[in-house]
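[1] Pasting a predicted model and its sequence here:
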Amino acid sequence: MNRCFVFSMIVVIAFILNGCWDAYELDQIGIVTGVAIDKGEAKKLKMSVEIINAPELSPQQSKGNSSTVVYGLEGNSVAELSHKMNVAVSKKLDFSHLQTLVIGESVAREGLLDFLDYFESSKETRNDFDFIIAKKVSAEDLMSTTYPTENIPSMKIYSQLETGSKEWGTYPRVRMKDIITAMVSEGRQPVIPVATVTGSIEEGINVENRKNVEPKAIVTFTNLGVFKGDKLLGYLSLDDTRNYLWTQNKLKFTSISVPCGKNKFFTVRAYHSQTNIKANYRKGEPNIKLNIEMEARLDEIHCHADITKSNVYKKLEKKIEDHVEQKMTATINKVQNKYKIDIFGFGDVMNRQDYQAFKKVKNKWDEEFTRADIAVNVKVNLRRAGVRTKSFLTELKNE
Amino acid sequence: MNFFKKWSSSEQTKFHQSQTTSEELVPEGEKKTGLKNHLEQNRSLLQQVFGDTSDFHIEKVYTGNREGLVCYLESMVKHSLISEQIMKPLSQSSFKQKPINKVKDLDDFRKSFFGGINFHFANYKHEAVWHILSGCAVIFIEGITKALAIEINGTESRAITEPTTQTIVRGPKDAFVEDINTNISLVRRRLKNPRLRFETYHIGKDTLTSVNIGFIEGTVNEEIIAEVRKRISRIDINAIFDSGNLEELITDKTFTPFPTIYSTERPDTVTSNLIEGKVAIFVGGSPFILLVPTVFTDFFEVSEDYYVHFFLASFLRIIRYMAFLIALLLPSFYVAIMTFHHELIPTRLFFSLAAQREGVPFPTVVEVLLMEITFEFLREAGARMPRAVGQTISIVGALVIGQAAVEAGIVSNAMIIIVAITGICNYVSPVYNFGSSSRLLRFLFIFFSALLGFYGIILIVMLLVAHLVSLRSFGIPYLAPVAPFIIEDQDDVFVRFPIWGARKRPSYLNTGSPIKSYDAKSPSPPPKRRTDS
């Protein structure tokens, strides 16, 4: 009897201590797919949200109107603004499907990333949205620039990032967790990809832009933003970005063009790339070794080479290895000398592999990184060429 | 089987015999009234019982040296048999009959005229009445206090046809009919086993419906058969028309949406379950045979599983379990996701759902209930309506409700898909009355998911599992062999092992002989012949 009573009380409590307080029908919420943070004129921040206009996304219901609505409001905190947007927006905002977070350049320069606290602790947002920095244009404008084949601008940026990071290694996919762990880590500094709008901003934020064969404005990725803590220091080029990805063991595919003569190149498609980092202190000097091993396929060759011979492959492999080693060393040296911060996370590797040594220098690791001896060793296994063993170029008369 | 013993011993004390017998056919004071010496007295006895019903016939005949009476109910016998089997022999009796002087001469009389025909003797009035009611011609002879009942019942019954509710593609295609003797013979024909036993009971004060329990002596668990006997004897009711009535009277627990007794109209299913060690209950007038004890997993098995390849059978079983879960949970999942857990939907699907929801005037839960109830209306109409108007319902159902509701913007497209999938999955269960459990519980799930989201669904699932493990079917845990988990019984639950691989009877049935076949082996090709030597 007593057990029965206790059980039924548990059941009753389980049911009545809850309610439908967080129930929202899909048509009651405005789904936010993009958030842009700019520096406010009067207040600390200006937050812009991109809300989808769902019927425009359905082929049957679409009338050719804008599929997103962007509205910006100034305020001091993101948490407050996200509930204050209804000064102009009709529905309750729902951040659970946030795709892209665009940060204005000035916000990043001044280190105003403290709003991330809201996104990290909010129970509503997932943490699978991407971060980018808007260079030269306001974050809001970048988020509003339309694109013909993708109805939602921030979805376009999202899928562009996804494809780009897989196809060539154009930019790393930076998630909130990456930024925050890099910010708080002693052995790493954060990076965020940087994009800008090429063309006319005025015409870009119009639905009409989607009707142009050559869009009047388009979001293009240009750089990789290098941070020291929460402050943007400067930019790396796209080539450097790929080299950065290589050090992170995140480069799955890429294409490398290597010169083989005067204005002649050969291109290989690299895959199964694997990077191993060895870090330790040798005679008081930080010593870092990167071993990169990859497989590759010969895609294009302008020079004469008999690619049925294995020693030709060996020569080509050597050329690629030298080329990649040189480029990567250049990138690392650039970061060491120009920015003097460890964006590669070598400190984290040191922390794992040579803990005793790292413990002593962890508060000044960036200085140690600057004087570190970093060696890159690349091993390429050129496996095969395309379906032709003999290029038509070898039969050209004038050669 | 501790729980079984405990349970049955506690019941033992309350048990008392109240089975309906033919004694109740006559008024209270006239029980054990013997038959009289004189024909006229017997005639008035019967006429007093049957009154002046128009189908009761009494004919005067001569049996050798004495007068006799033949009594029968015209509506229960076959006319040609009356003249053929009764009147013709009797008309010849006067020429060669030994005189009947004593009670024991009656048997000689029977042997010489009615040999080979099923017969009974009646000593009491109620016995005579009972035999007349069950379609015998009862012969009274002047001066003899015993009557001879000859079975000549020849009522028309439906021919054996294909099953209508439990159809299969490959396998035997006959089904039980309303006639209990035909049904028993359908089983006996398949099971030429001398240990196959049938026990007859008559239940219902007004209907005296024949109820037969069938089992294989030695295979069946004695405790279970005793329990079945006890429960059947305990029934005190006026009328039984179908095995469904009986099911409600002998089931372990009435307040549950889950059937704890399996009902089938397939003789092969009954036969195979008898071999497994279960008990079959046949009810006169019902083409559905009950099988006890029944566990939850029985409702996901079809006899066809054993006639097709075991890979396919195993796949189909898993499909059936999936379908059960979908039929139970899909609408409530939809409601929970659409009102509480937006973040769980893949983004692109989310946009598409949001576009569909735009302009729908009702909350999702109202939309779901609206469509589910409409679907229940359609289904009920489809099951009951005259065949001639069947087309109308399907057209109205498909066009008007499906298409027009979406076009009018009352419900969303996704909703129609959800209701349709749920409806289809509900019919995947091979036993119709099992589908009704998910059909009812679905609404409970929808209600609580609308209130509490996934949290509500989980709460109900927990209560449901607690309820399921508390169920028993004739003392056997309803979720056996899953809870309690019995490893050696898993050869025929979620997947079916090849027939030669499943040698044992389910151990939870605690049968008299646990092993079906000792030497079952996988078939293999003949050894390679050596040709080189």
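    Thanks, I have the structure now.
[2] just checking, what packs against the longest helix belonging to chain A?
    In terms of residue count, the longest helix belonging to chain A (DSSP state H) is helix A:310-334. With contacts defined as 3 or more C-beta pairs under 8 Å, 6 or more residues apart in numbering or on different chains; DSSP states H and E, helix A:310-334 has these neighbours: helix A:238-247, strand A:254-261, strand A:264-282, strand A:285-301, strand A:373-384. The way it works is simple: take the backbone N, C-alpha and C, and place the C-beta from them, glycine included.
[3] Who is the residue nearest to A:Lys278 when sequence neighbours are not counted paired with across the strands?
    Of all residues not flanking A:Lys278 in the chain, A:Lys289 sits nearest, at 4.3 Å (C-beta to C-beta, 6 or more residues apart in numbering or on different chains). Beta-bridge partners recorded for A:Lys289 (DSSP bridges): A:Lys278, A:Ala375.
[4] quick one, what contacts A:Lys289?
    A:Ile277, A:Lys278, A:Ala279, A:Ile374, A:Ala375, A:Asn377 (C-beta atoms under 8 Å, 6 or more residues apart in numbering or on different chains).
[5] among the residues you listed, who's most crowded?
    A:Ala279 (23 neighbours; other C-beta atoms under 10 Å in any protein chain shown).
[6] any idea how far it lies from A:Leu245?
    The gap separating A:Ala279 from A:Leu245 is 19 Å, by C-beta to C-beta, to the nearest Å.
[7] Nearest to B:Thr254, out of the helices and strands packed on helix A:310-334?
    strand A:264-282 (65.5 Å; C-beta to C-beta).
[8] name the element A:Asp366 belongs to?
    helix A:365-370 (DSSP states H and E).
[9] what helices or strands is that helix leaning on?
    Short answer (3+ C-beta pairs under 8 Å, 6+ apart): helix A:365-370 packs on helix A:346-353.
[10] for the helix or strand that comes right after the helix it packs on, which positions count as buried?
    Sequence order places helix A:355-361 as the next helix or strand after helix A:346-353, per DSSP H and E. For helix A:355-361, the neighbour count (16 or more other C-beta atoms under 10 Å in any protein chain shown) marks A:Ala357, A:Phe358, A:Val361 as buried.
[11] how about the residues of chain A near chain B?
    A:11, A:14-15, A:18-20, A:22-27, A:29, A:31, A:33, A:52, A:54-58, A:61, A:94, A:96-97, A:99, A:124, A:126, A:152, A:155 (C-beta under 8 Å from any C-beta of the partner chain).
[12] Mind checking which of those residues are buried?
    Going by neighbour count (16+ other C-beta under 10 Å), these have A:14-15, A:23, A:25-27, A:29, A:31, A:33, A:52, A:54-58, A:94, A:96-97, A:99, A:126, A:152, A:155 buried.
[13] just the residues of the stretch 401-533 of chain B that are near chain A, which are they?
    B:Phe448, B:Ala450, B:Leu451, B:Leu452, B:Gly453, B:Tyr455, B:Gly456, B:Leu459, B:Leu463.
[14] Filter those residues down to the buried ones, ChimeraX style.
    Restricted to buried positions by 16+ other C-beta under 10 Å, the ChimeraX selection for these reads:
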select /B:448,450,451,452,453,455,456,459
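[15] Among the residues of the stretch 401-533 of chain B next to chain A, name the ones in strands.
    Among these, none falls in strands (DSSP state E).
[16] From the residues of the stretch 401-533 of chain B next to chain A, pick the one nearest B:Val211.
    Using C-beta to C-beta, these come closest to B:Val211 at B:Leu463, 35.4 Å.
[17] how close does the closest residue to that closest one other than its chain neighbours get to A:Arg3?
    Once flanking residues are discounted, B:Leu463 sits nearest to A:Val11: 6.9 Å by C-beta to C-beta, 6+ apart. A:Val11 sits at a distance of 13 Å from A:Arg3 (criterion: C-beta to C-beta).
[18] quick one: low-confidence ranges for the chain?
    This is for chain A. Applying pLDDT under 70 to chain A picks out residues A:1, A:19-20, A:397-399.
[19] other chain: chain B
    Using pLDDT under 70, the flagged stretches of chain B are B:1-24, B:26-31, B:93-98, B:532-533.
[20] Residues of it that sit close to chain A?
    For chain B, the contact set with chain A under C-beta under 8 Å from any C-beta comprises B:338-340, B:342-343, B:347, B:350-360, B:363-364, B:448, B:450-453, B:455-456, B:459, B:463.
[21] In helices, which of those residues appear?
    Taking DSSP H, the ones among the residues of chain B next to chain A that sit in helices are B:338-339, B:347, B:350-357, B:364, B:448, B:450-452, B:455-456, B:459, B:463.
[22] According to the record, where do the domains of chain B fall?
    B:32-151, B:310-477 (automatic domain parsing).
[23] In the stretch 51-200 of chain B, what residue comes closest to chain A?
    Residue nearest to chain A within the stretch 51-200 of chain B: B:Thr165 (36.8 Å; C-beta to the nearest C-beta).
[24] does that residue count as helix, strand or coil?
    Assigned with DSSP: H, G, I helix; E, B strand; the rest coil, B:Thr165 falls in the coil class.
[25] repeat for B:Gly68
    Per three-state DSSP, B:Gly68 ends up strand.
[26] Neighbours of it, how many?
    Neighbours of B:Gly68 using other C-beta under 10 Å come to 22.
[27] again with B:Ser286
    Neighbours of B:Ser286 (other C-beta under 10 Å): 26.
[28] Now do the phi/psi pair for B:Gly435.
    phi -60, psi -30 (degrees, to the nearest 10).
[29] Likewise for A:Gln60?
    Backbone torsions of A:Gln60, given as degrees, to the nearest 10, read phi -70, psi -40.
[30] next one: A:Val191
    Dihedral angles (degrees, to the nearest 10) for A:Val191: phi -130, psi 150.
[31] so who does it touch?
    A:Pro172, A:Val174, A:Ala182, A:Leu224, A:Gly225, A:Val226, A:Phe227, A:Leu236, A:Tyr244, A:Ile343.
[32] repeat that with 6 Å
    A:Leu224, A:Val226, A:Ile343 (C-beta atoms under 6 Å, 6 or more residues apart in numbering or on different chains).
[33] partners of the second one in the sheet?
    Partner residues in beta bridges with A:Val226, using DSSP bridges, are A:Val191, A:Gly234.
[34] give me the number of residues near it?
    Neighbour number of A:Val226 under other C-beta under 10 Å is 23.
[35] Likewise for the first one?
    When neighbours are defined as other C-beta under 10 Å, A:Leu224 has 25 of them.
[36] same question, the last one
    The burial count assigned to A:Ile343 is 25, neighbours taken as other C-beta under 10 Å.
[37] Go ahead and confirm it touches A:Gly187.
    No. Distance between A:Ile343 and A:Gly187: 10.8 Å, which falls outside the contact criterion (C-beta atoms under 6 Å).
[38] want to throw the domains of chain B into TSV with distance to A:Val219?
    As requested, the domains of chain B are exported to TSV (distance: least, C-beta to C-beta, whole Å):
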stretch	distance to A:Val219
domain B:32-151	91
domain B:310-477	19
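[39] roughly how far apart are the residue in the stretch 101-250 of chain A that chain B sits nearest to and A:Gln99?
    Closest approach between the stretch 101-250 of chain A and chain B, counting by C-beta to the nearest C-beta: A:Arg126, at 5.8 Å. Applying C-beta to C-beta, the value for A:Arg126 to A:Gln99 is 10 Å.
[40] Having no further points to raise, I will conclude here.
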